[in-house]
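J.: Sequence first, predicted coordinates after that:
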Amino acid sequence: MDNTQQFNKLVSFMWNIANDVLVDVFEQVDYKKVILPMMVLRRIDVLLEPTKEAVLKQKAELDKQKIVNYEPVLTAITKYPFVNVSKFTMRTLTAETNPSRLKMNFLEYIDGYSKDVQDIVKKFELLPTIDKLTENNRLGSILEKFTDKSINLGILPVKDASGKETLPGVDNHMMGTVFEELLRRFNEAYAVTSAGRHFTPRDMVKLLADLTILPIADKLENSTYTIYDGACGTGGILSVAKEKILDMAKARDKKIKIHIFGQELMPDTYATCKADIMISGQIKSFSYSLNKQQRDYIAFGSTISQDGHIGETYDFCISNPPFGTAWKEDLKNWGISDKKEITDSRFVLSDDINFVPDIGDPQMLFLANNVSRMKETELGTRIVEVHNGSSLFTGDAGSGNSNLRKYIIENDMLEAIVAMPEKDFYNTGIGTYIWIVTNRKEKRRKGKVQLIDATAIKTPLRKNLGEKNCETNEADRAKILKLLMDFKETEQSKIFDNSEFGYWSVPLMKPVLDESGKPVKDKKGNVKYKASRNETEQIPMNYPGGIEGFYENEVKPYTPDVIFGEPTVGYELSFTKYFYKPVELRSLKDIKNDIMKLERQTEGALAEILEE
């Protein structure tokens with residue numbers, strides 16, 4: 001059986017369990033709440049089977065010695081970051097036919113797992129699901145399906161009495177891929193995510209990894225590198241980016257280690273991420289020590305207000321954060337009622353540098369969070385992050401969004417922005433933009449920003465997957481990477497000075513008039529001025545002569561009594577401005593020919609009407 005056959009068999013088997021056992025008991029949208037955690041438990045169960053007897057024997061000895069912290073000793077036996085100390089396995093559980101006793105035994109089995117597995121079970125809300133399975137007499141059926149001898153979820157192959165392989169083993173990569181495929185199918189089939197919180201397609205994940213790693217691949221050394229995703233979802237970006245770096249390191253004969261870090265807010269998504277990482281072997285431990293404190297590699301909670309990696313910096317920050325969703329709950333987490341009270345140094349650098357955006361959209365907070373993670377090393381940090389169009393221009397000069405754009409561009413950290421095709425995601429048709437930010441620009445990029453229009457670089461799908469009707473396949477990704485790495489002016493690539501995107505927002509000041517319409521003067525004889533109705537002029541930084549030149553050319557000749565107030569610097573980007581293609585008008589000759597054709601078809605009726 002080749003890898004493709006094995007993959008398809010596993011996916012079909014798992015998918016069909018839902019249709020065979022869960023139908024008429026669970027809503028289709030809830031199928032994954034049963035299938036995914038049970039799949040995780042069975043994979044772990046099979047991995048622990050060879051050491052089960054040794055673990056129970058050692059646990060008995062530790063109990064005699066009244067040693068409570070037994071996990072480090074027992075995981076040394078299992079060689080995995082998890083263990084189960086109950087007397088049951090999933091296969092032995094199937095011997096019980098009484099539904100009530102089966103439930104009791106199954107709960108004891110779950111209680112026997114180490115804390116990280118139990119955390120997954122809790123976040124998946126599996127315990128209420130077990131109640132429902134028991135009430136409908138389906139728990140036994142589910143266990144029988146997952147322990148069926150025609151399927152193998154273990155690493156080692158299954159052999160018959162003669163030693164002949166009957167079922168191949170499932171390595172960590174295959175297991176993780178099967179898990180991701182099932183998750184993708186469930187999300188697509190039942191549209192369980194909103195437009196703001198969207199599942200990142202695998203083709204997009206690969207592009208993000210390519211944009212992050214390939215431009216600096218030749219600079220990687222024999223070292224340890226870190227990857228961080230503050231909106232890690234199911235962990236796909238972390239897994240693919242890690243795999244990409246390791247593959248490039250191997251091709252270049254480099255010895256590299258990768259540590260992945262992330263944070264996720266949604267409980268079931270967090271559980272999925274942790275489970276995927278667990279069964280795909282991405283990490284050997286779920287926690288690490290920093291300054292004598294234990295932290296989780298994948299933290300649970302809001303990255304904005306419950307930072308699980310306070311003060312840490314990373315080599316690569318890759319994210320597809322939620323956008324267009326309110327973040328009011330974060331104010332509650334901080335214990336404040338107004339965003340003006342935020343003091344988090346990731347978002348408020350000083351009284352004059354504030355990145356806090358409108359309360360209805362958190363995406364720029366995630367970008368600011370990543371900017372705060374930058375390393376001051378030779379390689380620095382590369383940030384690759386997906387946004388919708390509002391991040392490019394929303395917010396007046398002096399607002400949080402504009403301030404963040406200003407900070408990134410004036411510190412020469414914006415390498416490029418890539419405009420992606422519409423309908424590239426499963427559950428939203430909006431266009432997206434990939435920001436590439438680094439504090440270690442190449443020499444040729446100093447003081448420059450590259451805009452790439454990749455909206456037409458796509459491959460149509462034979463069948464829509466929800467809203468998604470196209471993909472960015474390997475050939476497409478290569479085209480986009482070439483545009484980025486060539487760093488040349490083309491129809492799809494434009495290069496600008498940083499100042500191109502800056503402007504001054506200047507209030508218009510008009511004379512204060514008295515009742516007779518004459519200007520009011522102060523004690524020194526100077527005319528008093530005031531701003532009216534928030535009228536401002538937006539002056540491009542590249543305008544010849546700057547603010548004074550604009551005033552002399554564009555204002556004074558028409559309204560000489562108006563003066564400018566104190567300017568505020570803002571930044572915005574517009575793809576339409578640089579890549580707009582006007583619709584070509586039809587020639588008069590073509591229009592005349594069409595009219596004559598219609599005239600012939602109406603047999604002279606048009607001429608008669610015009611004569612009348």
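T.: Received, thanks. This is a predicted model, so every value here is computed, not measured.
J.: what's the nearest residue to K79 once chain neighbours are set aside in contact with, if anything?
T.: Spatial nearest neighbour of K79, excluding adjacent residues (C-beta to C-beta, 6 or more residues apart in numbering): T51 at 7.7 Å. Glycine gets a C-beta too; all of them are placed from N, C-alpha and C. Listed by C-beta atoms under 8 Å, 6 or more residues apart in numbering, the contact set of T51 reads 77-79.
J.: Could I get the buried residue list for stretch 357-373?
T.: In terms of neighbour count (16 or more other C-beta atoms under 10 Å), stretch 357-373 has its buried residues at 357-358, 361-373.
J.: now do stretch 457-464
T.: Of the residues in stretch 457-464, 457-458 count as buried by neighbour count, 16+ other C-beta under 10 Å.
J.: low-scoring pLDDT stretches of the protein, where are they?
T.: Low-confidence segments of the chain (pLDDT under 70): 1, 188-199, 426-429, 465-466, 582-584, 599, 602-612.
J.: Please repeat the previous calculation with a cut-off of 50.
T.: Where the chain drops to pLDDT under 50, the residues are 192-196.
J.: Look up which residues are beta-bridged to the closest residue to M541 other than its chain neighbours.
T.: Using C-beta to C-beta, 6+ apart and skipping the chain neighbours, the partner closest in space to M541 is G502 (3.9 Å). Beta-bridge pairing of G502 under DSSP bridges involves Y571.
J.: Touching, G502 and I408? I think so.
T.: No: using C-beta atoms under 8 Å, G502 makes no contact with I408, being 11.8 Å away.
J.: Overlap in contacts, these two.
T.: Joint contacts of G502 and I408 (C-beta under 8 Å, 6+ apart) do not exist.
J.: Neighbour count for the contacts of T51 - can I get that in CSV?
T.: Shown next, in CSV, are the contacts of T51 (neighbours: other C-beta atoms under 10 Å):
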residue, neighbour count
I77, 16
T78, 20
K79, 11
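J.: quick one on the thing from earlier: from A231, how far out is the residue nearest to K79?
T.: Look at T51 and A231: by C-beta to C-beta, to the nearest Å, they are 36 Å apart.
J.: now do A161
T.: Distance of A161 to A231, computed by C-beta to C-beta: 51 Å.
J.: same deal with D594?
T.: Distance, D594 to A231, using C-beta to C-beta: 53 Å.
J.: neighbour count winner among the two?
T.: Legend: neighbour count by other C-beta atoms under 10 Å for D594 and A231, higher for A231 (27 against 11).
J.: in terms of contact, does that one touch F366 like I think?
T.: Yes: using C-beta under 8 Å, A231 is in contact with F366, at 5.9 Å.
J.: what's the spacing between the nearest residue to Q363 once chain neighbours are set aside and V437?
T.: By the measure of C-beta to C-beta, 6+ apart, the closest residue to Q363 outside its immediate chain neighbours is F323, 4.0 Å from it. Counting by C-beta to C-beta, the separation of F323 from V437 is 17 Å.
J.: The residue nearest to Q363 falls within a helix, correct?
T.: No: counting by DSSP: H, G, I helix; E, B strand; the rest coil, F323 is not part of a helix but coil.
J.: Surely it is in contact with E385?
T.: No: taking contacts as C-beta under 8 Å, F323 lies outside contact range of E385: 10.6 Å.
J.: Count the residues that sit near the residue nearest to Q363.
T.: 24.
J.: what's the answer for M90, then?
T.: Burial of M90 is recorded as 21 neighbouring residues (other C-beta under 10 Å).
J.: How about the contacts made by it?
T.: M90 touches 41-42, 45, 109, 143, 146-147, counting by C-beta under 8 Å, 6+ apart.
J.: would you turn the residues you listed into JSON lines with secondary structure?
T.: Output for the contacts of M90, formatted as JSON lines (three-state DSSP):
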{"residue": "L41", "secondary structure": "helix"}
{"residue": "R42", "secondary structure": "helix"}
{"residue": "D45", "secondary structure": "helix"}
{"residue": "Y109", "secondary structure": "helix"}
{"residue": "L143", "secondary structure": "helix"}
{"residue": "F146", "secondary structure": "helix"}
{"residue": "T147", "secondary structure": "coil"}
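J.: Could you pick out the buried ones from the residues you listed?
T.: 41-42, 45, 109, 143, 146-147.
J.: Could you verify my assumption that I17 touches D148?
T.: No: the pair I17 / D148 is not scored as a contact, 9.3 Å apart, by C-beta under 8 Å.
J.: Who has more neighbours out of those two?
T.: Ranked by neighbour count (other C-beta under 10 Å), I17 and D148 place I17 first, with 21 against 11.
J.: The more buried one falls within a helix, correct?
T.: Yes: counting by three-state DSSP, I17 is located in a helix.
J.: and after the helix or strand that contains S402, which helix or strand comes next?
T.: In the assignment (DSSP states H and E), S402 maps to helix 400-410. Later in the chain than helix 400-410, the nearest helix or strand by DSSP H and E is strand 414-419.
J.: circling back to that earlier point, now do the residue nearest to Q363 against L365, distance only.
T.: Look at F323 and L365: by C-beta to C-beta, they are 10 Å apart.
J.: again with K510
T.: K510 sits 38 Å away from L365, going by C-beta to C-beta.
J.: what does M541 give?
T.: M541 sits 26 Å away from L365, going by C-beta to C-beta.
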